[in-house]
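**Student:** 3D, please:
(chains A and B)
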2 protein chains.
Amino acid sequence: MKQLAQKSKDASKKLMKLSHEVRRQVLNELADNLLKNKEKIIAANTLDMEAAEASGLNVAMKDRLKLDDRTIESMAQGVRDVSDQKEVVGVFQEEFVNSSGLRIKKQRVPLGVVLMIFESRPNVVVDCAALAIKSSNAIILKGGKEARHSNEILGNIIQNSIEKYLPKECVQVLASDKREVVNELLELNQFIDVVIPRGGEKLIRFVHDNAKMPVIAHFQGLCHMYLDKEADTEKAIKLVLNAKTQRTGVCNAIETLLVHKDLLSKVARNLTHELKNKKTELRTDKEFMIAAGEELKAATEQDWATEYLDNILAIKTVESIDEAIEHINLYGSYHTECIVSNDQKACDEFLNSVDASCIMVNASSRFNDGGQLGLGAELGISTTKFHAYGPMGAEQMTTTRFVVVGDGHTRG
Amino acid sequence: MKQLAQKSKDASKKLMKLSHEVRRQVLNELADNLLKNKEKIIAANTLDMEAAEASGLNVAMKDRLKLDDRTIESMAQGVRDVSDQKEVVGVFQEEFVNSSGLRIKKQRVPLGVVLMIFESRPNVVVDCAALAIKSSNAIILKGGKEARHSNEILGNIIQNSIEKYLPKECVQVLASDKREVVNELLELNQFIDVVIPRGGEKLIRFVHDNAKMPVIAHFQGLCHMYLDKEADTEKAIKLVLNAKTQRTGVCNAIETLLVHKDLLSKVARNLTHELKNKKTELRTDKEFMIAAGEELKAATEQDWATEYLDNILAIKTVESIDEAIEHINLYGSYHTECIVSNDQKACDEFLNSVDASCIMVNASSRFNDGGQLGLGAELGISTTKFHAYGPMGAEQMTTTRFVVVGDGHTRG
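**Tutor:** Alright, predicted model coming up:
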């Protein structure tokens, strides 16, 4: 592992000099090669799918694992989108001349070597390799054993596409499923600049507790939607349905709905009806049940603190916007928090008091996604404020340094 | 400590809502109060200076500890400079409308609670408190026991100046000199968002190895200056003298000089003469000695890897700019690296290949300083690329989040 990481570090140094044009060309060739190798990719993926079937992997996992014509085309398009995005490295910004006449500039530079540890989805290999190439970083991709064959073929296609222009060690895919491999990698802070874990909370917690280098991670997506007393009822119901049921089991779906007491009589019945049509299990407080006019499962303290990742919604009535904010700041996970209201003052209050990587005003939580927020592909979502907060794209794989140009300037 | 950190967290939440105008006013009152309390500050500082004398603190430490009329005026001016700087929190940037018609904005927000652990200099209390107020962060300042009385009075003046407008726990100064206090604080990642150690390498290493929250630090300042074959000899000599001798014992002084072999005959004699006038001890390779025409102390491998923090300079002859770059990338500390050359191609090559938080082209390394680089006061210098790279000001105490405004927009 040490040798492998060292190779990444060496490769990353050569990446610094590559022009944007060359990196665009590499990405476009990669997109072409993904399409040209569709059959090979599907054949490798079939082996993984058969093993998944044999080992009894659940439906959601199998859904994430599967590659077909459509998903391969969409991966290739993602690579082209990243290629078309504005340049993020080498760019100078914030130039000024100081009082001694020095020209001072800030320049965006890559982080160096990024380690990605992830589960299931083979598209992560392609998305993250593309973002790494875009941002002139070397990347080590350690996937789960369930996607071994898929990850391996994708890694080969990437290395074949880049080696004409850059050291192929810029992108290294590890197919080994040994736990020790991860342990070893997490020690190598002399070569690896940052680690990004993506997957279940257990994996993320393990990486966080054991990595010797900085970690960017999101632990949980315990997202809320608050329906203010000045909410438009029709939009409110539409937004709750979308945020909870458009796709369950994802981090940007809502888990708890907070309803202002003055709005209850206007929404409780219809909302309950619509959610039941979507087979959503409701766990609510007494007040909501009364307003809904039917017996529902009673919510407990535990429900406010649970990320279901399932078609279940906890509902709580609040006396005021302040109570909603307090509840969110107590149970929220710094991921996505939404307010539905036509009152600008309430929206501002929410914005100024709620701490989250993404605040949605009259929009579904499901929009908190790198693609939707203009980053092209996404590396993951950070729920810690350090270095990156929210969805991470190529720019979040960079930092800025100072460049100072003088003409023999001395100090003092 | 837990209660204290919790108070900081609570206070930080209230800071989010304060307008720029109020924060400016707080800072200006703080500057006034520093001047009004000059005598009290000097009296407290005198107690520390007496203790320093009694305990035999070295001259450099005493120099950093001492406060007088001039240093207090300069602290007050620093606070006003920070107050006058552009707003760094709440500001919206990079606004656009996505394909579904959502308005997407990035907004700068504070980190939360910053813990600063530092040695000697009492001005750190005032500089960092000012930057924290500017950026709407709460701050805990843990100084060294040698500055106990000075830090305590400065902490009181700050709390008295702010409590009319904000919870006084926004700035908490810890005068206790118990090591356990630091250990306890480094565990409290539920309240403290980031820790910044400033001082000797031992302190920094300790914090880095023990903190449960992210750390921003600089470990070493092993800075180089490379004199290219196309360097202007007069400017080159002036720059070396300034970068080494204007102030020794600081992290942005150079420790190793790299000279292109073709320049040797033009600079070695004069440079040796001038440095000897400044009482600089030279440790050089054979080639340099020959060109200088005199016997000098021979440099060993160990010299290339040493941050002297003293009036000593190691000198090495290089065959080419590539050898210079290789040497820097091997021994450098990601702090400040300088090239002296009139050849634009060589400067570009250096810029594209050297990895450091600040690259100086024909300018002294001593300019790598928050004040000089336009940040007002500085929180410290980061030599890791994560979150901040180089001198850190108020902006480096913030992050950006997404704010998305729709009109009932749903996904899919």
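
**Student:** need the longest strand for chain A.
**Tutor:** Longest strand in chain A, counting residues (DSSP state E): strand A:398-409.

**Student:** ok, that strand: who's next to it in the sheet?
**Tutor:** strand A:103-110 (antiparallel), strand B:358-363 (parallel) (DSSP bridges).

**Student:** got the CA coordinates for the last one in PDB?
**Tutor:** Pointing back at strand B:358-363 there. C-alpha atoms of strand B:358-363 as PDB (Å, rounded to 0.1, in the frame of the first residue of the first chain):
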ATOM      1  CA  CYS B 358       3.300  31.200  -0.800                       C
ATOM      2  CA  ILE B 359       5.600  31.600  -3.800                       C
ATOM      3  CA  MET B 360       7.700  34.700  -4.000                       C
ATOM      4  CA  VAL B 361       9.000  35.900  -7.300                       C
ATOM      5  CA  ASN B 362      11.800  38.500  -6.900                       C
ATOM      6  CA  ALA B 363      10.500  39.400  -3.400                       C
END
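
**Student:** what about it, average pLDDT?
**Tutor:** Here strand B:358-363 scores 97 as its mean pLDDT.

**Student:** and the contacts of that strand?
**Tutor:** Residues from elsewhere that reach strand B:358-363, judged by Cβ atoms under 8 Å, 6 or more residues apart in numbering or on different chains: A:102, A:401-409, B:235, B:239, B:335-341, B:347, B:350-351, B:367-368, B:373, B:390-391. Every C-beta, even on glycine, is put in place using the N, C-alpha and C of the backbone.

**Student:** does stretch A:221-241 come close to chain B?
**Tutor:** Yes. Using Cβ under 8 Å from any Cβ of the partner chain, we find that stretch A:221-241 touches chain B at A:232, A:234-235, A:238-239, A:241.

**Student:** then stretch A:65-76?
**Tutor:** No. Stretch A:65-76 stays clear of chain B (Cβ under 8 Å from any Cβ), getting no nearer than 14.7 Å.

**Student:** pLDDT on that stretch, on average?
**Tutor:** The average pLDDT within stretch A:65-76 is 94.

**Student:** returning to what we had before: report the distance from the longest strand of chain A to the chain centre.
**Tutor:** The chain centroid and the centroid of strand A:398-409 are separated by 33 Å, computed with Cα atoms, centre = their mean, to the nearest Å.

**Student:** list the buried residues in that strand.
**Tutor:** Using 16 or more other Cβ atoms under 10 Å in any protein chain shown as the burial criterion, the residues of strand A:398-409 that qualify are A:398-406, A:408-409.

**Student:** closest to residue A:301 out of those residues?
**Tutor:** If you rank the buried residues of strand A:398-409 by distance to residue A:301 using Cβ to Cβ, residue A:399 comes first, at 41.8 Å.

**Student:** returning to that earlier point: which one among the residues of stretch A:221-241 next to chain B gets closest to chain B?
**Tutor:** Of all the residues of stretch A:221-241 next to chain B, chain B sits closest to residue A:235, with 3.4 Å by Cβ to the nearest Cβ.

**Student:** part of a helix, is that closest one?
**Tutor:** Yes. The assignment for residue A:235 (DSSP: H, G, I helix; E, B strand; the rest coil) places it in a helix.

**Student:** state the distance from it to residue A:361.
**Tutor:** Between residue A:235 and residue A:361 the distance is 12 Å, computed by Cβ to Cβ, to the nearest Å.

**Student:** which strands and helices lie in contact with the lowest-mean-pLDDT helix or strand in chain A?
**Tutor:** The least trusted helix or strand in chain A, going by mean pLDDT, DSSP states H and E, turns out to be helix A:59-65, with a mean of 83. Contacts defined by 3 or more Cβ pairs under 8 Å, 6 or more residues apart in numbering or on different chains; DSSP states H and E place helix A:59-65 against helix A:38-55.

**Student:** buried residues in the helix it packs on, which are they?
**Tutor:** Applying 16+ other Cβ under 10 Å to helix A:38-55 flags A:41-42, A:44-45, A:48-49, A:51-52 as buried.

**Student:** ok, and of those residues, which contact chain B?
**Tutor:** Checking the buried residues of helix A:38-55 against chain B by Cβ under 8 Å from any Cβ, not one of them is in range.

**Student:** can I get these in TSV with distance to residue B:326?
**Tutor:** Listed next are the buried residues of helix A:38-55 as TSV, based on distance: Cβ to Cβ, whole Å:
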residue	distance to residue B:326
A:41	40
A:42	46
A:44	41
A:45	44
A:48	43
A:49	48
A:51	47
A:52	48
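
**Student:** quick check: which element contains residue A:219?
**Tutor:** Under DSSP states H and E, no helix or strand contains residue A:219.

**Student:** so what's it up against?
**Tutor:** Contacts of residue A:219 (Cβ under 8 Å, 6+ apart): A:201, A:204-205, A:208, A:333, A:383.

**Student:** which among the buried residues of strand A:398-409 gets closest to residue A:190?
**Tutor:** Proximity of the buried residues of strand A:398-409 to residue A:190 (Cβ to Cβ) peaks at residue A:399, which lies at 18.1 Å.

**Student:** quick one, what contacts that closest one?
**Tutor:** Contacts for residue A:399 (Cβ under 8 Å, 6+ apart) come out as A:108-109, A:111, B:385-389.

**Student:** what does residue A:274 give?
**Tutor:** Residue A:274 makes contacts with A:237, A:241, as judged by Cβ under 8 Å, 6+ apart.

**Student:** same check, this time on residue A:52
**Tutor:** Taking Cβ under 8 Å, 6+ apart as the test, what residue A:52 contacts is A:61-62, A:65, A:146.

**Student:** in a markdown table, list those along with distance to residue B:115 and neighbour count.
**Tutor:** Output for the contacts of residue A:52, formatted as a markdown table (distance: Cβ to Cβ, whole Å; neighbours: other Cβ atoms under 10 Å in any protein chain shown):
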| residue | distance to residue B:115 | neighbour count |
| --- | --- | --- |
| A:61 | 41 | 16 |
| A:62 | 46 | 16 |
| A:65 | 43 | 21 |
| A:146 | 41 | 22 |
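
**Student:** of all those, which two lie farthest apart?
**Tutor:** Taking Cβ to Cβ, no two of the contacts of residue A:52 sit farther apart than A:62 and A:146, at 9.1 Å.

**Student:** tell me where the stretch 1-150 of chain A has strands.
**Tutor:** A:92-97, A:103-110, A:113-118, A:138-142 (DSSP state E, counting those that start in this stretch).
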